[in-house]
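Novice: Everything below, folded, please.
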Amino acid sequence: MGIFRKRPIRYPLLVLFLLGAVAAILIMMWNVWVGIAFIAIYAVAAYYTVKVELLTYVETEKHIQTLSYRMEDVGKEAFLEMPFGILLMNDEMTVEWANPFMLRVLQQESLVGYELEMISEELPILVNQEQKNETVIAINDRKYHIYYKEEEKLFYFFDITKQVQIEKQYMADRTVLAILFIDNYDELTSGMDDQARSVTNTMMTSIINEWAAHYDIFVKRIASDRYMAVLNESILSELEQKRFSILDVIRERTLMQKNLSLTLSIGIGAGSQSLVELGQLAQSGLDLVLGRGGDQVAIKQSNGKIRFYGGKTNPVEKRTRVRARVISHALSDLIQDSDRVFVMGHKSPDMDSIGASVGVRKMVAMNGIEGFVVVNFDEVRGSVDRLMTELEQKTDFYDRFITPDEALSKITPKSLVVIVDTHKPSMVIDSRILSRTDKVVVIDHHRRGEEFINNPTLVYMEPYASSTAELVTELLEYQPQNEKLLPLEATALLSGIIVDTKSFTLRTGARTFEAASYLRTFGADTVLIQRLLKEDVETYVARSKIIQTVEFPFAGIAIANGEDSKIYDSVLIAQTADILLTMKDVGASFVIAHRNDGLIGISARSLGEVNVQLVMERLGGGGHLTNAATQMEAQSIDEVKKYLYEAINEVIEGSKES
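Specialist: Model (predicted):
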């Protein structure tokens, strides 16, 4: 029984012995000799069973003891030599214990008593954050993914340096597609003979191939004025650092060697694994660049983000009106296929917006369709208000000016909406009107920005034009002439051209004067325009007070601002920027002031040396190289001024680098 007490399985054997004893007694009662023989055999079998069981138990116990010792030894070894760091801290945020891995990482013999900030400034931040319990930090040129266990006050450090390097290499090797387009190739080579055209082709191909070879880019000419390029993200990053110097090289070398004003536009697709999507992004980027006047680069990402480079030159005026004639006929077809036409400009309309709207309404009347001009009368002020008064007194179509609510009650799915002097849904008088029909036409002279009206039926955007009124005037010339342009309608269109060109001094081309001449033949009254553009004394004084605040934080750049406690009309802000530009040694001007809509506006003007469009785009606005603006939500003018200084500095430094 001593054996059984030492063994955990004694009870099954005891039961077996008891059963054997009972069997022996029964057999003895039946036959004594048979019972004695049974007892002898059973005793021998029981002895050997117990002996084997005891030996097995002893061997198993020895094996378990050996295995337990080995496991304890391996556990200690693994705990101390595991390939990740463990850091235990106390309530005072100092280290209480660290495993050997952390000692090797920080190259210290002991970390006990070290403050967390001495290891990394991000560790105390991670401890104090309630929701986030992991982060990535750099220690001695290596990256570590850190997990923090709040209850145990324990940090785990996993070395992810190789993973980060692989990810970085993967991102750098991602494919990027680009389409290169020679902006004005057809126009400049149309009058050349075959030899001169061949020399020009060779020169352009040579310049582009040299540039591609320098940056290890594969480039292939796919048309006389178009190239396809394949590169990767690391090369693209290098090109961005150089601000795409190829634009300046093309412009300068062609002008120097052949006296040609050839420029290059590039659309780039990036950020996608799909080659089809990259191609679509590159083409979309190129379309965007051409809509902005060319001589630029647009990098379009798959997430919708766009980056622009270049745009240092004014768009080149087209020599022919073929596109104007084609657009005019297409617009005429759209008008005739509609039940009503609604013309709408931008918020706080100016003379160009109203003049262009009047011109488009006239086109609608020439095609025998009912047309309306959508106006928010609460936003009409100054010279525009005086023009509207003249239209009310001297014409019989003033009832065609309707409010946005009236337009919404009249519009049908078959109606046509024509947007003039803007292409941004956020800038139109009422964006609800755009959703009531699928037929939308955009006529604008601004450089195309990221925000654009969704899926327009027809787009006529020419950044070279002085004004939208100029574009509309050209379209009018190719419309049915069964109804003549009224003198006041011609005056409205000419006033838009005069205001946007600052009386034919800025962005004025040959076609601008042709459009003005055409309007004069229909009785456009320049004297009336001067009377409409007159201002009152209060406006003059308010503008003078803004000019008194002028500063020159950068050479040749004037910045003035209104008072934080006053609201200023957007037209007054723009006029002040125009006046600052006329002053000596001023190449660009910016005026900041509070607007009626609760935003803080910036009007920007330039003589061409500073691209104010790029500056305004960095602040969410847009416009032209020499005329741009933006509106921002901010607490004070000083806050906006700070953002403006940063944007100007970025553009100026970018110009120097390129």
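Novice: Now do the contacts for residue 640.
Specialist: 592, 600, 602, 632, 634 (Cβ atoms under 8 Å, 6 or more residues apart in numbering). (Each C-beta comes from the backbone N, C-alpha and C, glycine too.)
Novice: My read is that the fourth one contacts residue 597, right?
Specialist: No - using Cβ atoms under 8 Å as the test, residue 632 is too far from residue 597 to be in contact (11.4 Å).
Novice: These two - which one has more neighbours?
Specialist: residue 632 (17 against 12; other Cβ atoms under 10 Å).
Novice: now for the contacts of residue 640, which pair is the farthest apart?
Specialist: Maximum pairwise distance in the contacts of residue 640, criterion Cβ to Cβ, is 10.5 Å, between 602 and 634.
Novice: When the two are compared, which one has more neighbours?
Specialist: residue 602 (29 against 16).
Novice: which element is the more buried one on?
Specialist: Element membership of residue 602, judged by DSSP states H and E, is strand 600-606.
Novice: Output the helix or strand following that strand as PDB, restricted to C-alpha atoms.
Specialist: Counting by DSSP H and E, the next helix or strand C-terminal to strand 600-606 is helix 612-617. Output in PDB follows, covering the C-alpha atoms of helix 612-617 (Å, rounded to 0.1, in the frame of the first residue of the first chain):
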ATOM      1  CA  VAL A 612      -0.400  85.900 -58.300                       C
ATOM      2  CA  GLN A 613      -2.500  83.000 -59.600                       C
ATOM      3  CA  LEU A 614      -0.100  80.500 -58.000                       C
ATOM      4  CA  VAL A 615      -0.100  82.600 -54.700                       C
ATOM      5  CA  MET A 616      -3.900  82.600 -54.600                       C
ATOM      6  CA  GLU A 617      -4.200  78.900 -55.400                       C
END
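Novice: which other residues reach helix 612-617?
Specialist: Contacts of helix 612-617 (Cβ under 8 Å, 6+ apart): 308, 311, 447, 449, 588, 590, 602, 604-606, 622-630, 644, 647-648, 651, 654.
Novice: For ChimeraX, write the selection for the buried entries among the residues you listed.
Specialist: Burial among the contacts of helix 612-617 is assessed by 16 or more other Cβ atoms under 10 Å; the matching ChimeraX selection reads:
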select :308,311,447,449,588,590,602,604,605,606,622,623,624,625,626,627,628,629,630,644,647,648,651
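Novice: Show me how this protein divides into domains.
Specialist: Here the domain assignment for the chain is 2-80, 85-164, 174-310, 322-532, 542-657, based on automatic domain parsing.
Novice: Could I get those in CSV, plus columns for mean pLDDT?
Specialist: Listed next are these as CSV, based on pLDDT from 0 to 100:
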stretch, mean pLDDT
domain 2-80, 67
domain 85-164, 84
domain 174-310, 87
domain 322-532, 90
domain 542-657, 87
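Novice: buried set for the helix or strand in which residue 254 is found?
Specialist: Counting by DSSP H and E, the element that carries residue 254 is helix 246-258. For helix 246-258, the neighbour count (16+ other Cβ under 10 Å) marks 246-248, 250-251, 253-254, 258 as buried.
Novice: how close does the residue nearest to the spatial centre of the chain get to residue 228?
Specialist: What sits nearest the mean C-alpha location of the chain, by Cα atoms, centre = their mean, is residue 305, with 2.6 Å. Look at residue 305 and residue 228: by Cβ to Cβ, to the nearest Å, they are 23 Å apart.
Novice: same check, this time on residue 98
Specialist: Residue 98 is 56 Å from residue 228, by Cβ to Cβ.
Novice: ok, now residue 309?
Specialist: 19 Å.
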